[in-house]
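Enquirer: What shape does this take:
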Amino acid sequence: MNVSVIRNYFAVLAIIALVGIAAPVRADWNPGDPAKWVQMPDQNFGMDVRATAPKILADDFLCTFSGEITDIHIWGSWLNNIGVGSITNFHISFHSDIPAGALTPWSQPGAQLWATNFVPGQFIERFYTNANEGFYDPNVNAIIGSDTEIWQYNFFIDPANAFTQQIGNIYWLDVSVMTTNGLFGWKTSLQHFNDDAVFDDLPQLPPNWRDMHYPPGHPFQGQSIDMAFALTTIPEPSAFLLVVLGGLGVATFTRRRTARR
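Expert: Residues are numbered from 1 along each chain as shown. Here you go, the predicted model:
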(Lines give C-alpha, C1' and ligand atoms only; values in the text may rest on other atoms or scores of the structure.)
Protein backbone atom coordinates (compact mmCIF):
# COMPACT_ATOMS: atom_id res chain seq x y z
CA MET A 1 0.00 0.00 0.00
CA ASN A 2 1.25 3.50 -0.86
CA VAL A 3 2.92 5.16 2.13
CA SER A 4 0.98 8.39 1.61
CA VAL A 5 -2.31 6.44 1.65
CA ILE A 6 -1.35 4.81 4.95
CA ARG A 7 -0.46 8.20 6.43
CA ASN A 8 -3.76 9.69 5.31
CA TYR A 9 -5.64 6.69 6.76
CA PHE A 10 -4.10 7.18 10.20
CA ALA A 11 -4.64 10.93 9.96
CA VAL A 12 -8.35 10.33 9.44
CA LEU A 13 -8.40 7.98 12.43
CA ALA A 14 -6.76 10.68 14.53
CA ILE A 15 -9.41 13.20 13.52
CA ILE A 16 -12.20 10.76 14.36
CA ALA A 17 -10.64 10.05 17.74
CA LEU A 18 -10.36 13.72 18.61
CA VAL A 19 -13.91 14.41 17.49
CA GLY A 20 -15.02 11.55 19.69
CA ILE A 21 -13.25 13.11 22.65
CA ALA A 22 -14.89 16.45 22.03
CA ALA A 23 -18.37 15.07 21.26
CA PRO A 24 -21.10 15.58 23.82
CA VAL A 25 -21.22 12.97 26.56
CA ARG A 26 -24.57 13.06 28.33
CA ALA A 27 -24.13 11.18 31.58
CA ASP A 28 -24.30 11.64 35.33
CA TRP A 29 -21.83 14.12 36.73
CA ASN A 30 -19.36 12.73 39.27
CA PRO A 31 -16.63 14.39 41.38
CA GLY A 32 -13.58 15.03 39.23
CA ASP A 33 -15.54 15.43 35.99
CA PRO A 34 -14.99 18.72 34.09
CA ALA A 35 -17.21 21.58 35.25
CA LYS A 36 -17.62 25.34 35.04
CA TRP A 37 -18.69 25.58 38.70
CA VAL A 38 -19.04 23.03 41.52
CA GLN A 39 -20.40 23.16 45.07
CA MET A 40 -20.50 19.59 46.38
CA PRO A 41 -23.23 18.38 48.77
CA ASP A 42 -22.34 18.30 52.47
CA GLN A 43 -22.81 14.65 53.47
CA ASN A 44 -21.91 15.12 57.15
CA PHE A 45 -23.75 18.16 58.52
CA GLY A 46 -25.77 19.15 55.49
CA MET A 47 -29.49 19.92 55.35
CA ASP A 48 -32.13 19.81 52.68
CA VAL A 49 -33.81 23.18 52.22
CA ARG A 50 -37.43 23.03 51.15
CA ALA A 51 -37.62 23.96 47.46
CA THR A 52 -41.10 22.66 46.70
CA ALA A 53 -43.42 25.20 45.04
CA PRO A 54 -44.43 27.82 45.88
CA LYS A 55 -40.98 27.95 47.48
CA ILE A 56 -38.07 29.02 45.25
CA LEU A 57 -34.39 28.99 46.27
CA ALA A 58 -31.41 30.69 44.65
CA ASP A 59 -27.63 30.69 45.07
CA ASP A 60 -24.95 32.80 43.42
CA PHE A 61 -21.86 31.70 41.49
CA LEU A 62 -19.03 33.22 39.47
CA CYS A 63 -18.42 32.69 35.77
CA THR A 64 -14.79 31.54 35.52
CA PHE A 65 -14.79 31.28 31.71
CA SER A 66 -17.31 32.37 29.11
CA GLY A 67 -19.55 29.87 27.38
CA GLU A 68 -22.83 28.00 27.36
CA ILE A 69 -24.12 26.10 30.41
CA THR A 70 -25.23 22.86 28.78
CA ASP A 71 -25.44 20.60 31.85
CA ILE A 72 -26.96 21.38 35.25
CA HIS A 73 -26.62 18.97 38.17
CA ILE A 74 -28.43 19.43 41.48
CA TRP A 75 -28.41 17.39 44.67
CA GLY A 76 -31.50 17.06 46.83
CA SER A 77 -33.57 14.85 49.12
CA TRP A 78 -37.16 14.20 50.17
CA LEU A 79 -38.73 14.78 53.57
CA ASN A 80 -38.94 11.34 55.24
CA ASN A 81 -37.72 9.86 51.91
CA ILE A 82 -41.24 10.21 50.49
CA GLY A 83 -41.83 11.53 46.99
CA VAL A 84 -39.03 10.16 44.80
CA GLY A 85 -40.29 9.96 41.23
CA SER A 86 -43.20 12.37 41.83
CA ILE A 87 -41.74 15.53 40.25
CA THR A 88 -44.08 17.03 37.66
CA ASN A 89 -42.03 20.16 36.93
CA PHE A 90 -38.46 21.20 37.75
CA HIS A 91 -38.13 24.95 37.21
CA ILE A 92 -34.58 26.23 36.69
CA SER A 93 -33.57 29.79 35.83
CA PHE A 94 -30.48 32.02 35.73
CA HIS A 95 -30.53 35.63 36.91
CA SER A 96 -28.22 38.62 37.04
CA ASP A 97 -26.82 39.74 40.38
CA ILE A 98 -28.05 42.56 42.60
CA PRO A 99 -25.14 43.26 45.00
CA ALA A 100 -25.76 44.06 48.64
CA GLY A 101 -26.23 47.77 49.23
CA ALA A 102 -28.23 50.39 51.06
CA LEU A 103 -31.52 49.22 49.54
CA THR A 104 -30.65 45.50 49.53
CA PRO A 105 -28.99 44.34 52.77
CA TRP A 106 -27.95 41.08 51.08
CA SER A 107 -27.21 40.28 47.46
CA GLN A 108 -30.01 38.58 45.53
CA PRO A 109 -31.18 37.56 42.04
CA GLY A 110 -31.86 40.35 39.59
CA ALA A 111 -33.33 40.19 36.10
CA GLN A 112 -34.16 36.74 34.75
CA LEU A 113 -31.74 35.88 31.94
CA TRP A 114 -32.81 32.32 31.08
CA ALA A 115 -35.49 29.91 32.32
CA THR A 116 -36.76 26.43 31.49
CA ASN A 117 -39.28 24.02 32.96
CA PHE A 118 -38.18 20.38 32.88
CA VAL A 119 -40.93 17.74 32.98
CA PRO A 120 -40.56 13.96 33.50
CA GLY A 121 -38.49 12.48 30.71
CA GLN A 122 -36.44 15.64 30.33
CA PHE A 123 -34.14 15.02 33.30
CA ILE A 124 -32.44 12.10 35.03
CA GLU A 125 -33.19 11.31 38.67
CA ARG A 126 -30.67 8.93 40.20
CA PHE A 127 -29.77 7.75 43.68
CA TYR A 128 -26.49 9.31 44.82
CA THR A 129 -25.71 8.06 48.36
CA ASN A 130 -27.06 7.71 51.89
CA ALA A 131 -26.71 10.41 54.57
CA ASN A 132 -28.61 11.23 57.75
CA GLU A 133 -29.72 14.85 57.41
CA GLY A 134 -32.32 17.33 58.55
CA PHE A 135 -35.00 18.88 56.35
CA TYR A 136 -35.14 22.66 56.76
CA ASP A 137 -38.08 25.01 56.11
CA PRO A 138 -36.77 28.59 55.82
CA ASN A 139 -40.21 30.12 56.39
CA VAL A 140 -40.30 28.84 59.97
CA ASN A 141 -36.48 28.82 60.36
CA ALA A 142 -36.55 25.28 61.75
CA ILE A 143 -35.74 21.69 60.85
CA ILE A 144 -39.14 20.04 60.32
CA GLY A 145 -38.00 16.45 59.72
CA SER A 146 -35.24 14.28 58.31
CA ASP A 147 -34.21 12.05 55.42
CA THR A 148 -31.51 9.49 54.67
CA GLU A 149 -31.18 9.51 50.87
CA ILE A 150 -29.36 11.93 48.57
CA TRP A 151 -30.53 12.11 44.96
CA GLN A 152 -28.82 13.72 42.00
CA TYR A 153 -30.80 15.45 39.24
CA ASN A 154 -29.17 15.86 35.84
CA PHE A 155 -30.39 18.29 33.20
CA PHE A 156 -28.96 18.41 29.68
CA ILE A 157 -29.56 21.40 27.43
CA ASP A 158 -29.14 21.82 23.69
CA PRO A 159 -26.18 24.21 23.24
CA ALA A 160 -28.29 26.22 20.78
CA ASN A 161 -30.77 26.96 23.58
CA ALA A 162 -28.34 27.15 26.50
CA PHE A 163 -27.64 30.13 28.72
CA THR A 164 -24.36 31.82 27.77
CA GLN A 165 -22.47 33.41 30.64
CA GLN A 166 -19.62 35.91 30.50
CA ILE A 167 -16.38 35.57 32.45
CA GLY A 168 -16.14 37.63 35.61
CA ASN A 169 -19.90 38.04 36.08
CA ILE A 170 -21.82 36.80 39.12
CA TYR A 171 -25.07 34.98 38.36
CA TRP A 172 -27.81 33.27 40.36
CA LEU A 173 -29.20 29.78 39.87
CA ASP A 174 -32.87 29.54 40.90
CA VAL A 175 -34.71 26.27 41.62
CA SER A 176 -38.36 25.45 42.34
CA VAL A 177 -39.97 21.99 42.14
CA MET A 178 -43.58 20.86 41.69
CA THR A 179 -44.54 17.36 42.87
CA THR A 180 -47.59 15.14 43.24
CA ASN A 181 -46.32 13.70 46.51
CA GLY A 182 -43.87 14.73 49.21
CA LEU A 183 -41.60 17.71 49.82
CA PHE A 184 -38.37 18.14 47.88
CA GLY A 185 -35.36 19.87 49.43
CA TRP A 186 -32.25 21.29 47.74
CA LYS A 187 -29.13 20.11 49.53
CA THR A 188 -26.65 22.44 51.23
CA SER A 189 -22.92 22.64 50.49
CA LEU A 190 -19.87 23.46 52.60
CA GLN A 191 -18.35 25.33 49.65
CA HIS A 192 -19.19 29.00 50.05
CA PHE A 193 -19.07 31.81 47.53
CA ASN A 194 -19.85 35.50 47.97
CA ASP A 195 -23.20 35.86 49.75
CA ASP A 196 -25.91 33.69 51.36
CA ALA A 197 -28.37 31.60 49.38
CA VAL A 198 -31.85 33.13 49.41
CA PHE A 199 -35.50 32.03 49.27
CA ASP A 200 -38.84 33.46 48.22
CA ASP A 201 -42.44 32.32 47.79
CA LEU A 202 -44.09 32.49 44.36
CA PRO A 203 -45.93 34.19 42.87
CA GLN A 204 -44.79 37.38 44.53
CA LEU A 205 -44.12 40.68 42.79
CA PRO A 206 -41.94 42.40 43.49
CA PRO A 207 -39.77 39.53 44.80
CA ASN A 208 -39.10 39.36 48.52
CA TRP A 209 -35.79 37.51 48.67
CA ARG A 210 -34.61 36.62 52.17
CA ASP A 211 -31.14 35.31 52.98
CA MET A 212 -30.64 31.97 54.72
CA HIS A 213 -28.54 30.86 57.69
CA TYR A 214 -28.36 27.57 59.56
CA PRO A 215 -31.16 27.40 62.15
CA PRO A 216 -30.99 27.07 65.94
CA GLY A 217 -29.79 23.67 67.07
CA HIS A 218 -27.65 23.01 64.00
CA PRO A 219 -23.83 22.68 64.44
CA PHE A 220 -23.41 25.59 62.00
CA GLN A 221 -26.10 27.74 63.62
CA GLY A 222 -26.04 31.30 62.27
CA GLN A 223 -23.58 30.55 59.44
CA SER A 224 -24.31 31.21 55.79
CA ILE A 225 -26.15 28.59 53.73
CA ASP A 226 -24.98 27.68 50.23
CA MET A 227 -26.51 25.13 47.89
CA ALA A 228 -25.09 22.03 46.14
CA PHE A 229 -24.89 22.10 42.35
CA ALA A 230 -22.54 21.66 39.40
CA LEU A 231 -22.59 23.51 36.07
CA THR A 232 -20.83 22.06 33.06
CA THR A 233 -20.36 22.69 29.36
CA ILE A 234 -19.56 20.70 26.22
CA PRO A 235 -16.33 21.52 24.32
CA GLU A 236 -16.80 22.45 20.69
CA PRO A 237 -15.51 19.74 18.28
CA SER A 238 -14.70 22.46 15.71
CA ALA A 239 -11.80 23.71 17.83
CA PHE A 240 -10.22 20.26 17.84
CA LEU A 241 -10.83 19.81 14.11
CA LEU A 242 -9.15 23.11 13.26
CA VAL A 243 -6.05 22.11 15.21
CA VAL A 244 -5.87 18.67 13.60
CA LEU A 245 -6.59 19.88 10.08
CA GLY A 246 -4.07 22.67 10.50
CA GLY A 247 -1.47 20.18 11.64
CA LEU A 248 -2.20 17.88 8.72
CA GLY A 249 -1.93 20.83 6.32
CA VAL A 250 1.50 21.75 7.68
CA ALA A 251 2.66 18.13 7.50
CA THR A 252 1.44 17.78 3.89
CA PHE A 253 3.09 21.06 2.86
CA THR A 254 6.36 19.96 4.49
CA ARG A 255 6.31 16.60 2.70
CA ARG A 256 5.67 18.31 -0.65
CA ARG A 257 8.53 20.76 -0.11
CA THR A 258 10.84 17.89 0.85
CA ALA A 259 9.82 15.87 -2.21
CA ARG A 260 10.66 18.80 -4.53
CA ARG A 261 14.18 19.14 -3.22
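Enquirer: surely F229 meets I74?
Expert: Yes - look at F229 against I74 with C-beta atoms under 8 Å: they come within range, at 5.0 Å. Quick note: C-beta positions are derived from backbone N, CA and C, even for glycine.
Enquirer: Can you list the low-confidence ranges for the stretch 101-250 of the chain?
Expert: Counting by pLDDT under 70, the ranges of the stretch 101-250 of the chain that qualify are 102, 235-250.
Enquirer: Could I get the full set of helices for it?
Expert: 237-260 (DSSP state H, counting those that start in this stretch).
Enquirer: all strands for it, in order.
Expert: In the stretch 101-250 of the chain, the strands defined using DSSP state E, counting those that start in this stretch lie at 108-118, 124-137, 142-156, 163-165, 170-179, 184-189, 198-201, 210-211, 226-227, 229-232.
Enquirer: list the helices and strands the fifth one packs on?
Expert: Under the contact criterion of 3 or more C-beta pairs under 8 Å, 6 or more residues apart in numbering; DSSP states H and E, the helices and strands touching strand 170-179 comprise strand 55-62, strand 71-78, strand 87-98, strand 108-118.
Enquirer: Most tightly packed of those?
Expert: Across the helices and strands packed on strand 170-179, averaging neighbours per residue (mean count of other C-beta atoms under 10 Å) puts strand 71-78 on top, at a mean of 25.
Enquirer: roughly how far out does that strand sit from the chain middle?
Expert: Distance of strand 71-78 from the chain centroid (C-alpha atoms, centre = their mean, to the nearest Å) equals 8 Å.
Enquirer: Can you tell me the strand partners of that strand and which way each runs?
Expert: Paired neighbours of strand 71-78 in the sheet (DSSP bridges): strand 142-156 (antiparallel), strand 184-189 (antiparallel), strand 229-232 (antiparallel).
Enquirer: Turn those into a markdown table, columns for mean neighbour count and distance to T64.
Expert: Shown next, in a markdown table, are the strands paired with strand 71-78 (neighbours: other C-beta atoms under 10 Å; distance: least, C-beta to C-beta, whole Å):
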| stretch | mean neighbour count | distance to T64 |
| --- | --- | --- |
| strand 142-156 | 18 | 20 |
| strand 184-189 | 28 | 17 |
| strand 229-232 | 23 | 10 |
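Enquirer: Redo the ones you listed as a markdown table? Include distance to G46.
Expert: Below are the strands paired with strand 71-78 laid out as a markdown table (distance: least, C-beta to C-beta, whole Å):
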| stretch | distance to G46 |
| --- | --- |
| strand 142-156 | 9 |
| strand 184-189 | 5 |
| strand 229-232 | 13 |
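Enquirer: Nearest to D211, out of those?
Expert: strand 184-189 (13.7 Å; C-beta to C-beta).
Enquirer: what kind of secondary structure is N30 in?
Expert: coil (DSSP: H, G, I helix; E, B strand; the rest coil).
Enquirer: And the pLDDT at it?
Expert: pLDDT for N30: 76.
Enquirer: How about I15?
Expert: 37.
Enquirer: What distance do you get for the residue lying closest to P207 once chain neighbours are set aside to A51?
Expert: Leaving aside its sequence neighbours, P207 sits nearest to D200 (C-beta to C-beta, 6 or more residues apart in numbering; 5.3 Å). Per C-beta to C-beta, to the nearest Å, D200 is found 11 Å from A51.
Enquirer: of those two, who's got more company?
Expert: A51 (25 against 20; other C-beta atoms under 10 Å).
Enquirer: got the contact list for W114?
Expert: Counting by C-beta atoms under 8 Å, 6 or more residues apart in numbering, W114 touches S93, F94, A162, F163.
Enquirer: what bridges to it?
Expert: F94.
Enquirer: before we move on, back to that, nearest to M40, of the contacts of W114?
Expert: Nearest to M40 out of the contacts of W114 is F94 (C-beta to C-beta; 20.3 Å).
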